[in-house]
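>>> Dropping the sequence and predicted coords here.
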Amino acid sequence: MADREYDDRNRGIFWEPYPEQKLVGAGKLDIGGKERKIAVIREPLTANGEPKLVIYAKVAVLWPNDPAKIGEKGPTYSGPLDIGESLRVAGWPGEKNDRKFVSLRVDNDQRAQKAAAATDKMRGSRFADDGSDILDDEIPF
């Protein structure tokens, strides 16, 4: 593998659609008992423009963030990922060569980490080192 100039893991981008791309449907698809939301996009397949239908599965939801709360450099959009544990995706809009895009970054969900830390702190005050509940003692009579 060639050396990379930068690490683009946990990063991505999406662009506004090309004129020949068209949303033709949305629905659900069950794969091995797990239901996933899908979108179907018509895209050209060959140089002569024969169409193909491409199925995309939902992996996240991006919600608009309150500009007053995010500051100048905060993400315009963010939301939880449906894959992985405690992961979020954040997005920053931009424009290049007259095409709009949103740059994406995947990171740990800080809210989930804070909740886990609070739970650990609570467990430390109520539970013994072996995990047993110190408040659940038997009364010997």
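Cool, got the structure.

>>> Tally up the residues packed near N108, please.
13 (other Cβ atoms under 10 Å). For every residue, glycine as well, the C-beta is placed using N, CA and C.

>>> Look up the pLDDT of the nearest residue to it once chain neighbours are set aside for me, please.
Spatial nearest neighbour of N108, chain neighbours left out: S86 (5.8 Å); criterion: Cβ to Cβ, 6 or more residues apart in numbering. On the pLDDT scale, S86 is placed at 84.

>>> list the contacts for D30?
R36 (Cβ atoms under 8 Å, 6 or more residues apart in numbering).

>>> how much space between the residue nearest to the spatial centre of the chain and A60?
Using Cα atoms, centre = their mean, the residue of the chain that lies closest to the mean C-alpha position is L81, 2.7 Å off. Distance, L81 to A60, by Cβ to Cβ, to the nearest Å: 5 Å.

>>> Quickly list what's touching both of these two.
With Cβ under 8 Å, 6+ apart as the test, L81 and A60 both reach V89.

>>> Can you report how many residues neighbour V89?
V89: 23 neighbours (other Cβ under 10 Å).

>>> which residues touch it?
A60, L62, S78, G79, P80, L81, L104, R105, V106.

>>> Would you check that the last one makes contact with L81?
This points to V106. Yes. At 6.6 Å, V106 and L81 qualify as touching, with contact defined as Cβ atoms under 8 Å.

>>> Between these two, which contacts overlap?
Joint contacts of V106 and L81 (Cβ under 8 Å, 6+ apart) are L87, R88, V89.

>>> From those residues, which land in strands?
Judged by DSSP state E, these include L87, R88, V89 as members of strands.

>>> Closest to L45 out of those residues?
V89 (29.1 Å; Cβ to Cβ).

>>> Can you tell me who that closest one pairs with across the strands?
For V89, the beta-bridge partners are G79, V106 (DSSP bridges).

>>> ok, which stretches of the protein are strands?
11-15, 22-31, 34-44, 51-57, 63-64, 77-80, 87-96, 99-108.

>>> Output the lowest mean pLDDT helix or strand found in the protein.
Sorting the helices and strands of the chain by mean pLDDT, DSSP states H and E puts helix 110-126 at the bottom, at a mean of 53.

>>> Thank you, goodbye.
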